[in-house]
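Asks: based on what follows, work out the 3D shape:
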Amino acid sequence: MAEKRNRIKTATVIVVVIAALVIAALTTRGKVPAVPIVEVTREDLLVTITSNGKVEPIDPQIAHAEFATFVDKVMATEGQAVRSGETILTLDSADIRSQLARARADRLSAENDLRNARAGGSPEQTAQLAGDLKAEQVEVTNLESTQKALEDLVAKHAATEDELAANRAALAKARANLQTLEARQKDLEQRSSERVEAAGLRVKQAEELVDSLEEKVRSATVVATTHGTLYSLPAQLGNYVKVGDTLAEMADLSRVRVRAFVDEPELGVLEPSQTVVITWDAKPGKRWTGLTEQVPKEVVARGSRSVGEVLCSINNDQMELLPNTNVQVEIQVRQRRGALVLPRAAVRERGKGQRFVWVFDGTRVHRRDISVGVANPSEYEVLAGLAAGERVAEPVDQKLRDGMEVRVEEAP
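Replies: Numbers count the residues shown, from 1 in each chain. Next comes the predicted model:
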């Protein structure tokens, strides 16, 4: 009986001791702050810039109305694939064709005037003047010969002075007529130079008008200039179009350009040929990839933002990305293979550019300076101060101090 009482007493003491130890442990545990602890690891670190952008065709072919008229026929539908040379639509060009016929007639008239001006006048005028000149030159030559003969005969008393005087008067008259005709010819030549210049100007103007009207007639038939997609067709049958109105837009959409709007502070790390990933709310889960092509040379205002416009070439084999759609853009600006990484929340700053962490040794934390490299929104690359496998505290609200005892915060 006494032995039984002793066993009960011993058991009671043990229970009391254990309870005291548990209470002490719990009391002590409650005084040691719990902090999240993370491990320094090696992994591939991807640094990205995210922004918004707009899809554009790379080499769009846009047809504009070159004269005011009505849409006569439409042979295609928006969104269809087209081949080079395929007719999209035609415009009513009856009035332009009538203008072209008149302009061609005016050009022929101007060309005829130019030929006459270069020849010195009309063919009849020039032929008449040339004939008169030749006849008068022959007359002068004959009278000069007669004059010489008569002078010899008068000297020999074989001809009279009256005959000599009469021939002399006829020769003077012929020479005067010749001078008049030569002066007339010279005057015609001078005036002809002016007429040639004026006629040449009229011919040039007529040719320019004909070329312009011929181009308008050709533009009345809108054809595809390349194999691609007719992604916009605002002109519809019977519509009235004004000069400059867009009739159709087409392009090869197997590759498109995305104009990404990147905020000014992030422009410094951009380079050509960086990987780009595009997402579009209209197709959740779908991703398109490409490369940066041209980094911005200036910053422009876009709403309340100051941005640079980055041009990106994107693969669009399935032609699902449509021109003028708004997309999300992720540009991969840096990538480190097997980098030593640490969550950004574990890194603290002390002064400009000085960073440190709280290293956890199992019971306590110790402050240690580190150097960091590239970063993404959630992680830093650690260049110096830590090794893979070490653990650091990730304090949120707690104020830690060097050598402070902490415990690992248990996951909820």
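Asks: dihedrals phi and psi, the closest residue to residue 409 other than its chain neighbours?
Replies: Leaving aside its sequence neighbours, residue 409 sits nearest to residue 34 (C-beta to C-beta, 6 or more residues apart in numbering; 4.0 Å). For glycine as for every other residue, the C-beta is placed from the backbone atoms N, C-alpha and C. Main-chain torsions, residue 34, degrees, to the nearest 10: phi -100, psi 130.
Asks: and for residue 34, the neighbour number?
Replies: Using other C-beta atoms under 10 Å, residue 34 has 13 other residues around it.
Asks: okay, and the beta partners of it?
Replies: Judged by DSSP bridges, the bridge partners of residue 34 are residue 407.
Asks: ok, it touching residue 397?
Replies: No: with contact defined as C-beta atoms under 8 Å, residue 34 does not reach residue 397; the gap is 11.1 Å.
Asks: how much space between the residue nearest to residue 409 and residue 400?
Replies: Distance, residue 34 to residue 400, using C-beta to C-beta, to the nearest Å: 12 Å.
Asks: which intervals of the stretch 51-200 of the chain have sub-threshold pLDDT?
Replies: 119-127, 129, 181-183, 185, 187-194 (pLDDT under 70).
Asks: tell me where it has strands.
Replies: 61-64, 69-74, 81-82, 87-91 (DSSP state E, counting those that start in this stretch).
Asks: run the angle between the longest one and strand 87-91 for me.
Replies: What that stands for is strand 69-74. Counting by axes from the mean of the first three to the mean of the last three C-alpha atoms, to 10 degrees, strand 69-74 points 140 degrees away from the direction of strand 87-91.
Asks: before we move on, back to that, intersection of neighbour lists for residue 34 and residue 400?
Replies: Taking C-beta atoms under 8 Å, 6 or more residues apart in numbering as the contact rule, residue 34 and residue 400 both touch residue 406.
Asks: please name the bridge partners of residue 367.
Replies: Bridge pairing for residue 367 (DSSP bridges) gives the partners residue 358.
Asks: show me the domain layout of the protein.
Replies: The chain breaks down by automatic domain parsing into domains covering 49-59+253-335, 65-92+220-251, 94-216.
Asks: with mean neighbour count added, can I get those in JSON lines?
Replies: Below are these laid out as JSON lines (neighbours: other C-beta atoms under 10 Å):
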{"stretch": "domain 49-59+253-335", "mean neighbour count": "16"}
{"stretch": "domain 65-92+220-251", "mean neighbour count": "16"}
{"stretch": "domain 94-216", "mean neighbour count": "14"}
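Asks: would CSV of the ones you listed with distance to residue 387 be doable?
Replies: Shown next, in CSV, are these (distance: least, C-beta to C-beta, whole Å):
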stretch, distance to residue 387
domain 49-59+253-335, 22
domain 65-92+220-251, 54
domain 94-216, 74
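Asks: which one of the ones you listed lies nearest to residue 348?
Replies: Residue 348 sits nearest to domain 49-59+253-335 of all the domains of the chain, at 22.2 Å, using C-beta to C-beta.
Asks: in this structure residue 300 contacts residue 310, no?
Replies: No: between residue 300 and residue 310 there is no contact, the gap being 12.0 Å when judged by C-beta under 8 Å.
Asks: for residue 110, give its distance to residue 184.
Replies: In terms of C-beta to C-beta, residue 110 sits 26 Å off from residue 184.
Asks: ok, residue 262 next?
Replies: Note on residue 262: its distance to residue 184, by C-beta to C-beta, is 80 Å.
Asks: next one: residue 308
Replies: Distance from residue 308 to residue 184, counting by C-beta to C-beta: 76 Å.
Asks: coming back round to it: can I get the strands of the stretch 51-200 of the chain in JSON lines with distance to residue 372?
Replies: As requested, the strands of the stretch 51-200 of the chain are arranged in JSON lines below (distance: least, C-beta to C-beta, whole Å):
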{"stretch": "strand 61-64", "distance to residue 372": "49"}
{"stretch": "strand 69-74", "distance to residue 372": "62"}
{"stretch": "strand 81-82", "distance to residue 372": "52"}
{"stretch": "strand 87-91", "distance to residue 372": "58"}
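Asks: residue contacts, the residue nearest to residue 409?
Replies: 406-410 are the contacts of residue 34 under C-beta under 8 Å, 6+ apart.
Asks: let's see it at 10 Å
Replies: Counting by C-beta atoms under 10 Å, 6 or more residues apart in numbering, residue 34 touches 398, 406-410.
Asks: out of those residues, which is nearest to residue 86?
Replies: Residue 86 lies nearest to residue 409 out of the contacts of residue 34, by C-beta to C-beta, at 68.5 Å.
Asks: tell me the contacts of that closest one?
Replies: Residue 409 makes contacts with 33-37, 393-396, 398, as judged by C-beta under 10 Å, 6+ apart.
Asks: how about residue 330, nearest residue that isn't a chain neighbour?
Replies: Nearest residue to residue 330, sequence neighbours excluded (C-beta to C-beta, 6+ apart): residue 277, at 4.4 Å.
Asks: should've said residue 410
Replies: Residue 410 sits nearest to residue 34 (C-beta to C-beta, 6+ apart), 7.2 Å away.
Asks: and residue 265, that's in a helix?
Replies: Yes: applying DSSP: H, G, I helix; E, B strand; the rest coil, one finds residue 265 inside a helix.
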